[in-house]
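Novice: how does the following fold in three dimensions:
(chains A, B and C)
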Amino acid sequence: MIKHLKSAADLDAATATLILDTAGEMAALAGREVKKLPTLRGRTVVNLFYEDSTRTRISFEAAAKRLSADVINFSAKGSSVSKGESLKDTALTLQAMGADAVVIRHPASGAPHRLASWVDGSVINAGDGTHEHPTQALLDAYTMRSRLGKIEGLKVAIVGDVLHSRVARSNVLLLTTLGAHVTVVGPPTLIPLDVAAALAPGIKVTYDLDSVLADSDVVMMLRVQTERMQDSYFPSAREYSRRYGLDAPRMRKLPEHAIVMHPGPMNRGMEIAPEVADSSRSTIVEQVANGVSARMAVLYLLLGGKA
Amino acid sequence: MAPPRADTETVPGKVILSGSDLHRVVDRIAHQILEKTSGATGTVLLGIPTRGVPLAHRLAARIHAFEGIDIPVGALDITLYRDDLRLHATRALGRTEIPGDGLDGRRVILVDDVLFSGRTVRAALDALSDVGRPSSVQLAVLVDRGHRELPIRADYVGKNIPTALSEKVRVSLAETDDGVDEVKLYGDAA
Amino acid sequence: MTSYLLKGVSVLGGSPTDLLIKDGVIASGAGKADETIDATGLVALPGLVDLHTHLREPGREDAETVETGSRAAALGGYTAVFAMANTSPVADTAGVVEQVWRLGREAGLVDVQPIGAVTVGLAGKQMAELGAMATSAANVRIFSDDGHCVADPRLMRRALEYVKAFDGIIAQHAEEPRLTEGAQMHEGEVSTRLGLTGWPAVAEEAIIARDVLLAEHVGSRLHVCHVSTAGSVEVLRQAKARGVRVTAEVTPHHLLLTDELAASYDPVYKVNPPLRTAKDVEALRQALIEGVIDIVATDHAPHAVEDKECEWAYARPGMVGLETALPVVLSVLGEQWELIAERMSRAPARIAGLTGHGTDLSPGSPANLTLVDPAARRVVDPAELASRSRNTPYAGTTLPGRIVATFLRGEPTVLDGKAVK
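Specialist: All right, here's what the predicted structure looks like:
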């Protein structure tokens, strides 16, 4: 078993499938009256969050607690982190506390890789800068598999700001590892020039959302930050929404079985119309629930055995 | 799918139960269950993965053959309740399947292949208490090889096999082990 | 003054001979000396000259001082280094450049020649007092805002013109700032994979293209710092073919390392301009051999531990290089001593107008030279560096060549591979 989860590229198909299968078992257990399992009793999981992300932090916290791990939340606010303590010094503190795993969310790409060189415990990337968010990809894959029965052969369109999206990077890597056919869609300014060569040679790139809808099993909408307008990535929210937003007429072009995903938080009316977000195709609420199961699976597989 | 087994296949083992012995033993346990539970009413069989699950199904099938009654069969994975997780590489989880009507107020018979230290059964009892509240819990095993580390005993035992601690007992079942039914004893590697 | 006889030395790879150093110069013929050094198997090179060194003093003496940097330089075979202006305060006045020059004299290990800032505070707005720096005791001839690009084309044109009055030269850090906002590494496949903001090659090439046209237009000399891309090489090749008076440097690290190293996210590999692709490395090597790129310059950039042991995005760019430059160049070019002497000693001295360095080791020349053992191999250990900083990208790498001795005007600064002071 791998020691850290820094990138979706750390997972080969067998390991990724094992995580999804384990997440399935965890999800089944979540329906019971007693949700808590004794599995990680005596283990310490630190949530080290340098960015506000209540949803991801709570998801990891719930996952760790359901497995009976001791959870320490170490957030940038109200700690030495905001007083300018270096990541390395913080790492040494966590090391001294005997953290078995550190879940890190950080605005700088690669911060989990640095952390892993300074602590003995497992490092789990909960989103680093514009790099990756591997547990999001796992919960997305889990959601696709539960809705559509499989991942191999699925046609997945990932739409929006691929350039700045850690969700997109991790999903492209994981989904191609699991045999899905991925197309990235967005304005050319927000698609890295050599995205296929960089991430997965098999993926397709298109700048035309309408051209892929009829042949997609999954449409994954990425959050688009309106600040990108100031940097001339696109002219206006209105133009973006017209060209790359998923609205009801576009949703009607999707095959009957197709699902719509969004990692949240959504900009309703920007990349996704409210009637799409709230439709039966939308898996947005499921994704949140599945997040806990996927993260339980990751914690169990990283911490549930001999270190 | 059964997890791969280490080392033993190349070392010849001593057959303790042949395929036909094994079938007779299962029949006997099925009869004992019927006898001891007054016809197995209100009873649920829960197999402990991996080989406890097919055993539980075989027992249910034999009980059906003898008396024409259907008893619910399920599976109870105990991996997440083990007390030795840190001693081994991470284990893949088995399936837990609780029959539709649940366990509350019922007689649960846990089914496993080998009873050894008793730690698996201890974990199963913990797991069971998180799933429901049975009126009573019994234990059926194919083989009891002794060396208990906890105050646990089986209600139904297919065969008692005195063993040395260094020896290994391997149960093969057709469902999980390429169609082979047998129980073998392996000496220590020396 | 102690005289030295270098017995059996190979000058620039030639047959073994004896070289007598007396009264600060190379003496004619052999003869008696106070000290004899068995130089069998050692190669003598004119003392190396680095046109691009960051000594950090004044301001960041925790990272490097003129003295520690001078010692690192001498150990690397250098007899002259040009200290970049991005100190604190910035070397944009006669006072600061004279201070650095004086500190260099006091250290006495290499000739420290200050580079003056082009603009006040390196802010790119107002020209610094270039003439005052030129006529100061430091005798500044090279001006650079290195670390920053002189991005304003009108200001760049004026600076190129203005320094003609005292035969100065502008050394441009070619980086279009609008194309590199937030940039962390070379823009390409690796940056996309790592989610680090890209520094596109065109940001360098566009400035070089503009500046060679400006230099051509006003008839001035231009020097391009740390060329890093294949495209820049093409721009320079064309400009030189047209007769533009442009010279260019490449760093040892851009001749050896590629952007793949960023995959570790270890900021020891973060540098500006960034490490590029293998294709760029190949083009730079070829350009150096052909002379499209004139010189190797270290861009020695010491940084304190806390500026490197952190997240990639928060780390300062730069690598120490003085003590590993010659070994890296040897590993890239092989034992082409004539070429190495040209690219690392003679041409940089010529570009800077620095007399007394980069001269042939012939009788009467100033005895600025270094002795190299080409057969030696060394595993780079950051802890052994004389520089005050440890940010070498070569830790654990085995490099060829060992600097055995360095002489500055006949005085040894390094003997037996150790600094004499």
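
Novice: quick check on the residue nearest the centre of chain B: phi, psi?
Specialist: In chain B, the centroid-proximal residue (C-alpha atoms, centre = their mean) is B:D112; its distance is 0.8 Å. The phi and psi values for B:D112, taken as degrees, to the nearest 10, are phi -140, psi 170.

Novice: ok, now how distant is it from B:V44?
Specialist: B:D112 sits 15 Å away from B:V44, going by C-beta to C-beta, to the nearest Å. The C-beta positions use only the backbone N, C-alpha and C, and glycine is treated the same way.

Novice: swap in B:S136?
Specialist: For B:S136 relative to B:V44 (C-beta to C-beta), the value is 11 Å.

Novice: what does chain A put close to chain C?
Specialist: Within chain A, the positions adjacent to chain C are A:86-88, A:106-111, A:113-114, A:117, A:128-132, A:166, A:169, A:192-195, A:197-199 by C-beta under 8 Å from any C-beta of the partner chain.

Novice: next, the residue nearest to B:T96 when sequence neighbours are not counted: phi, psi?
Specialist: Distance criterion C-beta to C-beta, 6 or more residues apart in numbering or on different chains; nearest residue to B:T96, sequence neighbours excluded, is B:D77 at 4.6 Å. Note on B:D77: its backbone torsions stand at phi -80, psi 130 [degrees, to the nearest 10].

Novice: picking up where we left off before, overlap of the contact sets of B:S136 and B:V44?
Specialist: Common neighbours of B:S136 and B:V44 are listed as B:107-108 (criterion: C-beta atoms under 8 Å, 6 or more residues apart in numbering or on different chains).

Novice: in the stretch 151-300 of chain A, which spans are helices?
Specialist: Secondary structure of the stretch 151-300 of chain A (DSSP state H, counting those that start in this stretch): helices at A:166-177, A:195-199, A:210-213, A:237-244, A:248-252, A:274-277, A:284-303.

Novice: tell me the most buried of those helices?
Specialist: A comparison of the helices of the stretch 151-300 of chain A by mean neighbour count, using mean count of other C-beta atoms under 10 Å in any protein chain shown, puts helix A:166-177 on top with a mean of 27.

Novice: just checking, next helix/strand downstream of the top helix by length along chain B?
Specialist: For chain B, the longest helix by residue count, based on DSSP state H, is helix B:19-36. Sequence-wise, the next helix or strand downstream of helix B:19-36 (DSSP states H and E) is strand B:43-47.

Novice: quick one: A:M220 and A:M261 touch, right?
Specialist: Yes. Look at A:M220 against A:M261 with C-beta atoms under 8 Å: they come within range, at 4.4 Å.

Novice: which neighbours do these two have in common?
Specialist: By C-beta under 8 Å, 6+ apart, A:M220 and A:M261 have these common neighbours: A:D140.

Novice: please identify which of the two sits among more neighbours.
Specialist: Using other C-beta atoms under 10 Å in any protein chain shown as the criterion, A:M220 and A:M261 rank with A:M220 on top: 29 against 24.

Novice: okay, and the beta partners of the more buried one?
Specialist: Beta-bridge partners for A:M220, by DSSP bridges, are A:I158, A:M261.

Novice: residue nearest the centroid of chain A?
Specialist: Chain A has A:Q136 as the residue nearest its centroid, 1.8 Å off, counting by C-alpha atoms, centre = their mean.

Novice: quick check, it in a strand?
Specialist: No. Counting by DSSP: H, G, I helix; E, B strand; the rest coil, A:Q136 is not part of a strand but helix.

Novice: pretty sure it sits against A:A168.
Specialist: No. Taking C-beta under 8 Å as the definition, A:Q136 is not a contact partner of A:A168, at 9.9 Å.

Novice: if I look at B:I152, how far off is B:V15?
Specialist: Separation of B:I152 from B:V15 (C-beta to C-beta): 27 Å.

Novice: compare B:S136 and B:V44 (neighbour count), which wins?
Specialist: Using other C-beta under 10 Å as the criterion, B:S136 and B:V44 rank with B:V44 on top: 23 against 13.
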